[in-house]
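Q: got a structure for you, letters missing:
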């Protein structure tokens with residue numbers, strides 16, 4: 001069956017069809033597959049063109065998940081800085097510095113809203129051209145590559161802008177303030193995306209598929225993986241799913257640098273975003289955590305464990321140890337555990353907690369003379 005879109009009552013929106021191995025393949029690749037199957041002649045394969053066009057639309061859905069988070073969070077960080085007494089003049093100077101660093105390769109400034117609008121128009125034209133046969137397959141593939149590159153450039157600069165502002169938080173107020181800042185701006189995001197995993201409301205196993213799906217969807221939107229197309233390494237084990245990014249399109253790229261554009265690690269000059277030099281429960285007890293990466297701990301592990309007792313996912317991030325060190329360049333790994341029992345004590349200890357005692361279901365007492373089943 002070709003990959004297509006279908007409605008999910010469980011998630012409340014359109015999702016991609018396919019098993020979990022298929023979900024780890026980028027939507028860009030899936031569009032290419034549909035275009036190749038459709039060809040340029042009108043006929044029995046016409047539905048494959050429509051399918052490709054719908055997947056182009058869905059590419060924007062994946063991108064939108066990330067774009068909105070970056071837009072809302074960055075504004076929240078700036079508001080938090082103002083609440084701490086940072087003046088508009090100081091903020092304007094820092095944003096201007098970051099803007100100069102994050103200019104496009106042709107020197108054009110970063111204007112996120114304008115670039116997003118332009119991307120939407122380009123994607124819409126691509127989808128319409130595929131549907132109407134106005135675009136031959138060869139031209140559609142070239143345009144798809146251009147659309148993907150437009151999103152990558154906007155995505156990466158948006159991630160860098162957020163990382164730069166977080167570095168400014170640490171520079172002005174010290175490392176512990178980063179956790180305070182994150183907690184102050186994350187609540188709407190947590191309510192919208194993660195409160196569904198509250199086991200006081202829904203049993204853990206009933207949200208497992210949703211957990212895995214939105215993990216893969218979001219990271220396709222981050223354009224993770226080789227060539228930055230959204231390809232994910234997914235491994236199933238008896239008690240867990242391992243989701244790996246090589247690199248992660250946000251924190252991993254911030255640490256490693258950007259080989260596509262030929263720019264270096266954002267930890268170093270001229271960016272000087274740095275990393276967390278001390279270990280905290282919200283950095284998994286590790287040093288060298290990227291300021292940006294710390295949100296994965298706070299949102300996926302620490303706050304869920306505080307509120308309903310367990311992480312939503314556990315994370316093993318790359319750690320800055322120098323530009324050529326294996327720890328810096330290792331894959332980021334998320335783990336989705338298949339049951340609460342499977343989550344090991346270590347994952348609680350890393351965030352400064354103790355694994356809660358899970359309820360034991362007692363078997364009904366046997367009547368006298370009854371034999372065990």
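A: Happy to help now that I have it. Keep in mind the model is a prediction, meaning the values are calculated, not measured.

Q: Can you tell me which helices and strands the helix or strand of the chain with the lowest mean pLDDT packs against?
A: Lowest by mean pLDDT, DSSP states H and E among the helices and strands of the chain is helix 187-193, with a mean of 91. If you count contacts as 3 or more Cβ pairs under 8 Å, 6 or more residues apart in numbering; DSSP states H and E, helix 187-193 packs onto helix 46-83. C-beta here means a position set from N, CA and C on the backbone, and glycine is covered the same way.

Q: Next, the buried residues of the least confident helix or strand of the chain.
A: For helix 187-193, the neighbour count (16 or more other Cβ atoms under 10 Å) marks 189, 193 as buried.

Q: and the next element down the chain from it?
A: Next helix or strand after helix 187-193 toward the C-terminus (DSSP states H and E): helix 208-221.

Q: now the angle from that next one to helix 46-83?
A: Between helix 208-221 and helix 46-83, the angle comes out at 80 degrees (axes from the mean of the first three to the mean of the last three Cα atoms, to 10 degrees).

Q: any low-confidence regions in this protein?
A: Along the chain, segments meeting pLDDT under 70 span 44, 359-373.

Q: Would you state the strands of it in chain order?
A: For the chain, applying DSSP state E gives strands covering 5-8, 13-16, 233-237, 240-245, 314-316, 332-337.

Q: Show me what the first one packs onto, helices and strands only.
A: Contact here means 3+ Cβ pairs under 8 Å, 6+ apart; on that basis strand 5-8 packs against strand 13-16, helix 46-83.

Q: Would you mind giving these as JSON lines with mean neighbour count and distance to residue 133 added?
A: Shown next, in JSON lines, are the helices and strands packed on strand 5-8 (neighbours: other Cβ atoms under 10 Å; distance: least, Cβ to Cβ, whole Å):
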{"stretch": "strand 13-16", "mean neighbour count": "16", "distance to residue 133": "24"}
{"stretch": "helix 46-83", "mean neighbour count": "19", "distance to residue 133": "7"}
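
Q: Please state the offset of the least confident helix or strand of the chain from the chain centre?
A: 15 Å (Cα atoms, centre = their mean, to the nearest Å).

Q: residues in contact with it?
A: Outside helix 187-193, the residues that touch it by Cβ atoms under 8 Å, 6 or more residues apart in numbering are 69, 72, 73, 214, 299, 303.

Q: surely the fourth one meets residue 10?
A: No - in this structure, residue 214 is not within contact of residue 10 by Cβ atoms under 8 Å, at 10.7 Å.

Q: Neighbour count: those two, which is higher?
A: Taking other Cβ atoms under 10 Å, residue 214 and residue 10 do not tie; residue 214 has more neighbours (17 against 12).

Q: mind listing what that one touches?
A: By Cβ under 8 Å, 6+ apart, the contact set of residue 214 is 11, 193.

Q: returning to that earlier point: and which of the contacts of helix 187-193 is nearest to residue 292?
A: Within those, the smallest distance to residue 292 is 10.1 Å, found for residue 73 (Cβ to Cβ).

Q: dump the residue contacts of the closest one.
A: Residue 73 sits next to 162, 185, 186, 189 when contact means Cβ under 8 Å, 6+ apart.

Q: distance of the nearest residue to residue 307 once chain neighbours are set aside from residue 179?
A: Leaving aside its sequence neighbours, residue 307 sits nearest to residue 198 (Cβ to Cβ, 6 or more residues apart in numbering; 6.7 Å). According to Cβ to Cβ, to the nearest Å, residue 198 stands 21 Å off from residue 179.

Q: Looking at those two, which is more packed in?
A: The residue with more neighbours, out of residue 198 and residue 179, is residue 179; 18 against 15, by other Cβ under 10 Å.

Q: Number of residues surrounding the closest residue to that one other than its chain neighbours?
A: Leaving aside its sequence neighbours, residue 179 sits nearest to residue 282 (Cβ to Cβ, 6+ apart; 5.1 Å). By the criterion of other Cβ under 10 Å, residue 282 has 23 neighbours.

Q: Now do the contacts for residue 282.
A: Counting by Cβ under 8 Å, 6+ apart, residue 282 touches 179, 294, 297, 298, 302, 351.
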